[in-house]
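Q: what's the 3D shape of this:
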Amino acid sequence: MAERPAVNASPLILLARANLLDLLQLAGPDIVVPAPVADEILREGPQDPAARALETMPWVTIVEAPPVAAVVQAWDLGAGESSVLAWASTPGSPWGKPGYFVRTTWVTWSVEACSVHL
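A: Okay, here's the model as predicted:
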């Protein structure tokens, strides 16, 4: 289930507004958006660039969120953030332990964000 990378609302919103959504495919050819993330984006309405992208990008798939582990619930994150971490920490995840995923994801996005000029 977690072989495909999942994305949270903030990168989707920012990259859609900058017309750079294709950068997400650097993480993988198919991107997963957990339902709580999609709900957050779709609340903005059909004129929102990220909402339009969710409905038009064939390589973006909205999926039901897996159960969120107690340790993630204790962090008191939003439903979207929690669902992305739950997706990444499901059995069979290529990232192994959830802590590894979180650290490498933040480092990767930080480095890549610094090299993108909007």
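
Q: off-centre distance for the helix or strand in which Pro36 is found?
A: Pro36 is located in helix 35-42, with elements delineated by DSSP states H and E. With CA atoms, centre = their mean, to the nearest Å as the basis, helix 35-42 stands 10 Å off its chain's centre.

Q: burial count for Ala74?
A: By the other CB atoms under 10 Å criterion, the neighbourhood of Ala74 contains 8 residues. For glycine as for every other residue, the C-beta is placed from the backbone atoms N, C-alpha and C.

Q: the one 5 residues further on now?
A: One way to gauge burial is a neighbour count; for Ala79, by other CB under 10 Å, it gives 15.

Q: name the nearest residue to it, ignoring sequence neighbours.
A: The spatial neighbour of Ala79 that comes closest, neighbours along the chain excluded (CB to CB, 6 or more residues apart in numbering), is Pro36 at 3.8 Å.

Q: contacts only, for that neighbour.
A: Contacts were defined as CB atoms under 8 Å, 6 or more residues apart in numbering; by that measure Pro36 touches Ala65, Gly78, Ala79, Gly80, Ser82, Ser83.

Q: what confidence value was assigned to it?
A: With respect to pLDDT, Pro36 has a value of 95.

Q: tell me how far it lies from Ala69.
A: Distance of Pro36 to Ala69, computed by CB to CB, to the nearest Å: 15 Å.

Q: about what we covered before: just the buried ones from the contacts of Pro36, in PyMOL syntax?
A: Buried residues among those (16 or more other CB atoms under 10 Å), as a PyMOL selection:
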select buried, resi 65+80+82+83
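
Q: out of the contacts of Pro36, which is nearest to Glu55?
A: Nearest to Glu55 out of the contacts of Pro36 is Gly80 (CB to CB; 17.5 Å).
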